[in-house]
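> Mind folding the following:
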Amino acid sequence: VAITVVNAPPCYGTSWDGDFDYEFSPADNNPTLTFIPSGPGVGDPTCILYYGTNPSSLPGYFVTPNIPYTLNASMGTTIYFYYTYSFPGFVEKNNSANKDSYVIGSCKCEAPELSFSVTDVSSAGGSDGAIDLSVINGSPPYTYNWSDGSTTEDLSGLTTGFYSVTVTDSELCTESGIISVDEPLSCSSQPAITNLSVSNIKLTRAQLNWESIPSAYQYEIRGRKTAPTLDNNYTYIKVSSSALSYVAKDLKEGASYEWQVRAVCDSLGLSFNSWSGLNNFTMGVCENPGNTQSSNITNSSATLSWDPIAYPDVLGYKLIGGVLGSFNISYNLTGASNTTFFASSLPSSTSYNWGIVAGCTDPGLSFKWSNSASATINYFTTLGVEMKTLESENSSGSFVFPNPAHGLAYLYVDDEFNRRGHRDNTQSAQIEVMDVHHRLIKKVSSELNGNGYYTIDVSGLESGFYFVVVKGERHEVIKLVVE
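As a prediction, this is how the structure comes out:
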C-alpha cells in the first residue's frame, strides 16, 4: 500500500457575481494568481488581469483561464486586482467596481491532515478493497473529491490501483493524498504451502494441518500408505478454502503414511500452485504391554506388574491367567496408569501363568483390546516350606538351557563343582528332576554329552515348574520351566 500526501494548494476566492473563482499560491514572494471560470465561455477568448499597489491605476495583463499567472510583488505588499473577461451573451464583463485586495504571503492555511487505513483486495482480480480516510485539523466540515468521482469520506468495493483525494475544509484550505490498493499474487503464483503438521493421531484417523494460501478456491490433499507395504496410488481429496485441516479416516492401525497439499485456484480445478513437500506420520498402535514381571512372591500372593503402552487413549488393562496351562481367570483394570495387580489368596507351591492386554479407544469411534495371542506370558510359583528349603541350597554357577524347555534340555554344571566331585571320579554326581512339592519325577543320566553338558529329556513331563537337583559333595538346584 502506497500513501502520498501532497502539500495544501493555494487559497481561494470568489468574484462578487460568481462568474469565476481565483486562487493564490501561498508563496511569500511573487505568488501565482489563477482565474478559474465558473462555466464554458467565461474568459474565453479574452481574459485580462489588472493588478498593482495603486487601486486608482492598475495595469492590465492578458492571462489564460485556469493557468497560474506569476505576480511581481513581495511579501507584505497589498495589491488590488480585478478582471475584464469575455462572457457568453456579452461582449465583455468588467468588475473594476468590485476590486479585491490581497496581502502577499497572507494565504497561510492550516491545512487538514489526512491519514489512511487501506484494506487490500483479498484475491487476484477481486473488488473488495477499501480505504478508510480520517481527517484532523483544518476547519470542518470537509468536502471530498476522489479520483474515481466519489465524494464520500471512505471508499469500499475497490479493485487494485491508485486512488487520489483532495479534502477541502470550510476555509477552502485543502490537502491531497494518493493511495494504492494492492492485491496478492495470483493463487497459482504463490509458493508451495509450508508448515504441514499432523495432530490427534489415533488408531484409524489423524488430523492433517497446513497454512493458508491467498486466493485459494479449494485445497487438494493427496496421500498414501508407505509401510508396512507401499501403496502405488495416491488418494486425492478436495476441501473448502476455509478449511486449514482435514481429518483422514479409515487408516490402518500402526501403518505409516505420507501426504502433501496444494491450492486449487479456480472452480474448474484447472489451475494450481505447486505441491507442498511431503509430510510423514505413523498411526497409533494398541499394543500389548511389555516388561511383565512377577515379584514379591510368597506362599499365597504375588505382585504382577507391566509397563504402560505408548498409545495415549488407553482406558485400562485386562489381566488374563490361571494355574499353569490355563487362562480361565481375567480381571479388568480401569485406568491407563493402573499397571500393577496384587494377586492374593493363592495356594502355596502352585505354578501360575498370566498375561496382560491393553484396552484402547479410537475416541468417538471404537474400542478394542490388544491381541492376546501375542501377549507376553509370565510365570511364577507360590512358595512352600519345602521349596524354600530346597532353594536355600541353590548356587548361581550352574544352569539349564533352554529354559523354558520343550523336548530336551541341557544342564551345565560349573567347573568348581566338577573339580570337587565328578570329573576327578572321587565322587559320582546324581542328577534328579523334582516337582514344586519336592517329589522325585525322574533321574537323569550323569554321563556328559559330546559338548560337555548333561541331557535332560522333558518330553514326557507336563507343563509347569520343576527343579533340577545336582547332588555331589554339595547340592546344586536350578529352576526349570517345562512348556
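> okay, the strand ranked longest in the chain in CSV with CA atoms only?
If you go by DSSP state E, the chain has its longest strand at strand 351-362. Written as CSV, here are the backbone C-alpha positions of strand 351-362 (Å, rounded to 0.1, in the frame of the first residue of the first chain):
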residue,chain,number,x,y,z
SER,A,351,2.5,-72.6,39.5
TYR,A,352,0.7,-69.9,37.5
ASN,A,353,0.9,-68.2,34.1
TRP,A,354,-0.5,-64.8,33.2
GLY,A,355,-0.5,-62.2,30.5
ILE,A,356,-1.8,-58.6,30.1
VAL,A,357,-3.6,-56.8,27.2
ALA,A,358,-4.5,-53.2,26.8
GLY,A,359,-7.9,-51.7,26.2
CYS,A,360,-7.7,-48.9,23.6
THR,A,361,-10.2,-46.4,22.2
ASP,A,362,-10.3,-44.5,19.0
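> Export only the CA atoms of the next helix-or-strand element following it, formatted as PDB.
Next helix or strand after strand 351-362 toward the C-terminus (DSSP states H and E): strand 366-369. What follows is strand 366-369, C-alpha atoms only, in PDB (Å, rounded to 0.1, in the frame of the first residue of the first chain):
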ATOM      1  CA  SER A 366     -14.500 -47.800  18.600                       C
ATOM      2  CA  PHE A 367     -12.900 -49.700  21.500                       C
ATOM      3  CA  LYS A 368     -10.600 -52.700  21.200                       C
ATOM      4  CA  TRP A 369      -8.300 -55.000  23.200                       C
END
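> Please name every helix or strand in contact with the following helix or strand past strand 366-369.
Going down the chain from strand 366-369, the next helix or strand is strand 378-381, by DSSP H and E. Secondary-structure packing of strand 378-381 (3 or more Cβ pairs under 8 Å, 6 or more residues apart in numbering; DSSP states H and E): strand 293-295, strand 351-362. All C-beta atoms are positioned from the backbone trio N, CA, C, and that covers glycine.
> Just the mean pLDDT for strand 378-381, thanks.
Mean pLDDT, computed over strand 378-381, is 90.
> Relative to that strand, what are the paired strands and their orientations?
strand 351-362 (antiparallel) (DSSP bridges).
> Give the buried residues for the longest strand of the chain.
351-362 (16 or more other Cβ atoms under 10 Å).
> again, but for stretch 293-313
For stretch 293-313, using 16+ other Cβ under 10 Å, the buried residues are 294, 297, 299, 302-306, 308-309, 311.
> and what of stretch 53-63?
Going by neighbour count (16+ other Cβ under 10 Å), the buried part of stretch 53-63 is 55, 58, 63.
> now the residues you listed as TSV including pLDDT, secondary structure and distance to residue 112?
TSV is the format used below for those (pLDDT from 0 to 100; DSSP: H, G, I helix; E, B strand; the rest coil; distance: Cβ to Cβ, whole Å):
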residue	pLDDT	secondary structure	distance to residue 112
55	92	coil	34
58	94	coil	35
63	96	coil	29
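> Dump these to a markdown table, plus distance to residue 326.
A markdown table is the format used below for these (distance: Cβ to Cβ, whole Å):
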| residue | distance to residue 326 |
| --- | --- |
| 55 | 130 |
| 58 | 129 |
| 63 | 120 |
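> possible to save the buried residues of stretch 293-313 as a markdown table with pLDDT?
Converted to a markdown table, those look like this (pLDDT from 0 to 100):
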| residue | pLDDT |
| --- | --- |
| 294 | 93 |
| 297 | 90 |
| 299 | 85 |
| 302 | 93 |
| 303 | 95 |
| 304 | 96 |
| 305 | 96 |
| 306 | 96 |
| 308 | 95 |
| 309 | 94 |
| 311 | 93 |
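> okay, those in CSV with distance to residue 158 next?
Shown next, in CSV, are the buried residues of stretch 293-313 (distance: Cβ to Cβ, whole Å):
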residue, distance to residue 158
294, 78
297, 83
299, 90
302, 80
303, 76
304, 74
305, 71
306, 67
308, 60
309, 59
311, 54
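> Return the closest of the residues you listed with respect to residue 481.
When these are ranked by distance to residue 481 (Cβ to Cβ), residue 294 comes first, at 12.3 Å.
> The closest one: what's it in contact with?
By Cβ atoms under 8 Å, 6 or more residues apart in numbering, the contact set of residue 294 is 302-304, 354, 378-380.
> let's see 7 Å
302, 304, 378, 380 (Cβ atoms under 7 Å, 6 or more residues apart in numbering).
> Report the beta-bridge partners for it.
residue 304.
> now for the helices and strands packed on strand 378-381, which one comes closest to residue 218?
So among these, strand 351-362 is nearest, using Cβ to Cβ, at 28.2 Å.
> what sits up against that closest one?
202-205, 286-289, 292, 304, 306, 309, 311, 313-324, 367-370, 372, 375-381, 436, 464-465.
> Return the members of these classed as buried.
202-205, 286-289, 292, 304, 306, 309, 311, 314, 317-321, 324, 369-370, 375, 378-381, 436, 464-465.
> Mind putting the helices and strands packed on strand 378-381 into JSON lines with distance to residue 456?
Below are these laid out as JSON lines (distance: least, Cβ to Cβ, whole Å):
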{"stretch": "strand 293-295", "distance to residue 456": "24"}
{"stretch": "strand 351-362", "distance to residue 456": "18"}
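> Check which element follows the worst-scoring helix or strand of the chain on mean pLDDT along the chain.
Every helix and strand of the chain was ranked by mean pLDDT, DSSP states H and E. The lowest is helix 385-391, at a mean of 39. The helix or strand immediately downstream of helix 385-391 is strand 399-401, counting by DSSP H and E.
> contact partners of that next one?
409-412, 468, 478, 480.
> re earlier: residue 112 is nearest to which of the helices and strands packed on strand 378-381?
strand 351-362 (65.0 Å).
> What average pLDDT does that closest one get?
Mean predicted confidence for strand 351-362 is 93.
> can you list the weak-confidence ranges in the chain?
Low-confidence segments of the chain (pLDDT under 70): 1-10, 109, 364, 384-397, 414-429, 437, 449-452, 472-476.
> Residue ranges of each domain in it, please.
Taking automatic domain parsing as the domain assignment, the ranges for the chain are 3-103, 113-181, 187-282, 293-381, 385-482.
> Give me the contact list for stretch 261-276.
Under Cβ under 7 Å, 6+ apart, the answer for stretch 261-276 is 187-188, 190, 192-194, 196, 210, 213, 215-221, 238, 260.
> can you check stretch 77-93 too?
With Cβ under 7 Å, 6+ apart as the criterion, stretch 77-93 contacts 19, 35, 41-53, 55, 58, 71, 73, 94-96, 98-104.
> how about 8 Å then?
15, 19-20, 33, 35, 37, 39-55, 58, 60, 71, 73, 94-96, 98-104.
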